[in-house]
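A.B. asks: Structure of the sequence below:
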Amino acid sequence: MSVAIKRSIVSWLTLIRLGAAVRGLLPFFLGTVIAWSAGFVINMPVFLFSSVAVLFIMIATFLINDYFDYETDAMNNGFHRLSGGSRILVLDLIPRKQTLYAAYFLFSLAGVIGLIIYFGFNTGPWTIPLGAVAILIGYFYTAKPFKLAYRGIGELAILFTCGWLATILGYYLQTGGITLTVILVSIPGSISIFLLILINEIPDMESDLLSNKRNLAVILGKRKALFLYSYLLILCWLAVLAIIPFEVPWVTGIFSIVLLPIVVLNLIDVKTNPASKQSFEKLSVRTMLFDHLITFIYTIAYIVTGVNAGRMNSRLITILFCYFVVFALEGISLLLSYGRNIQVSTE
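C.D. replies: This next block holds a predicted model:
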């Protein structure tokens, strides 16, 4: 295989932000695990097809973002490995138009899969509307005329889709309904993904301001954005405890102890008013770990609950294998992220 082909493959894998894309599957998997734990028989074709659709929407959203954020990313010199876009288009490693066409193609495939799931497996009347909302928010996050990320509401859009909606969809497609418990369980993860977006915006504020990208960090300014981050970080941890009385496994309260070191470390770092991109990268990495751990806490808690109820079966094993695939792909993406600051070397 030639160096040019290798470079192209690595560039595309970096552009789609593989790790972040597959990471978006975790809340969806959680919704499915909650349904399994509650005694519902998991429809594996629906689970697998819908997982692919969610992945396509995530990848397409990242492609659209890189396309419409091109000018902003080109001016950004303060980015770190988790901020500033993929850098692939800025480095001119892939033609911009190809990115747009690929996004349209993936959105279309996700829509077709949604129709197959709905008409082929009778998953419920909200299947198409909820899927359509996910696609529309993914597209208009940076695309005209709404450009949600440029109007200070992009963070809420991500909280809604990548936190609440993903978990609800995972549950709804298997059960045909939505319960108060699954809504409440989605809240801590929704807040944590909001935190990750917010902390990643702060290093990009200068270039965002120059390109008139008025996201929440730009609107608030660094000091207020960090204050909001700190407040929501504490609130997120408290939410894990607050929802336990609503038929949420009590063991999540014990598991939540593992979140405290991250909360304390990040609060200390925020109080010192970080300035370097290395400081913000550490905050971002720990926030991403915090977000992961919240999903793991609930996943493990509901698996334990289901196993104690005698529901261990091959369907759970398949779901757990999907978790393993996600972790593996995240690892690959992490390796690729180290090459963002060089010309995607494959030699």
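A.B. asks: List the contacts of Ile319.
C.D. replies: By CB atoms under 8 Å, 6 or more residues apart in numbering, the residues touching Ile319 are Phe29, Thr32, Val33, Trp36, Ile42, Phe47. All C-beta atoms are positioned from the backbone trio N, CA, C, and that covers glycine.
A.B. asks: Could you list which of those belong to strands?
C.D. replies: Among the contacts of Ile319, no member falls in strands (DSSP state E).
A.B. asks: Would you format these as a markdown table with neighbour count and distance to Gly114 included?
C.D. replies: Below are these laid out as a markdown table (neighbours: other CB atoms under 10 Å; distance: CB to CB, whole Å):
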| residue | neighbour count | distance to Gly114 |
| --- | --- | --- |
| Phe29 | 22 | 18 |
| Thr32 | 29 | 16 |
| Val33 | 28 | 21 |
| Trp36 | 23 | 22 |
| Ile42 | 19 | 18 |
| Phe47 | 23 | 14 |
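A.B. asks: Please produce TSV containing these, extended by distance to Thr181 and pLDDT.
C.D. replies: Below are the contacts of Ile319 laid out as TSV (distance: CB to CB, whole Å; pLDDT from 0 to 100):
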residue	distance to Thr181	pLDDT
Phe29	17	96
Thr32	15	96
Val33	13	96
Trp36	14	95
Ile42	18	94
Phe47	20	97
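A.B. asks: Looking at these, which one is closest to Leu228?
C.D. replies: For these, the residue nearest Leu228 by CB to CB is Phe29; the value is 28.8 Å.
A.B. asks: Surely that closest one touches Gly170?
C.D. replies: Yes: Phe29 is within contact range of Gly170, at 6.3 Å (criterion: CB atoms under 8 Å).
A.B. asks: so what's Ser256 up against?
C.D. replies: Neighbour list for Ser256: Trp237, Val240, Leu241, Ile297 [criterion: CB under 8 Å, 6+ apart].
A.B. asks: Can you select the buried ones from those residues in ChimeraX?
C.D. replies: Burial among the contacts of Ser256 is assessed by 16 or more other CB atoms under 10 Å; the matching ChimeraX selection reads:
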select :237,240,297
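A.B. asks: which one among the contacts of Ser256 gets closest to Tyr101?
C.D. replies: Among those, Ile297 lies closest to Tyr101 (CB to CB), at 39.7 Å.
A.B. asks: So which of the contacts of Ile319 belong to helices?
C.D. replies: Phe29, Thr32, Val33, Trp36, Phe47 (DSSP state H).
A.B. asks: Please report how far the third one lies from Phe146.
C.D. replies: Going from Val33 to Phe146 by CB to CB, to the nearest Å gives 33 Å.
A.B. asks: try the first one
C.D. replies: Phe29 sits 29 Å away from Phe146, taking CB to CB as the criterion.
A.B. asks: Kindly report the same for the fourth one.
C.D. replies: Noted for Trp36: a distance of 36 Å to Phe146, by CB to CB.
A.B. asks: re earlier: reformat the contacts of Ser256 as a markdown table; add secondary structure.
C.D. replies: As requested, these are exported to a markdown table (DSSP: H, G, I helix; E, B strand; the rest coil):
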| residue | secondary structure |
| --- | --- |
| Trp237 | helix |
| Val240 | helix |
| Leu241 | helix |
| Ile297 | helix |
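A.B. asks: Having no further points to raise, I will conclude here.
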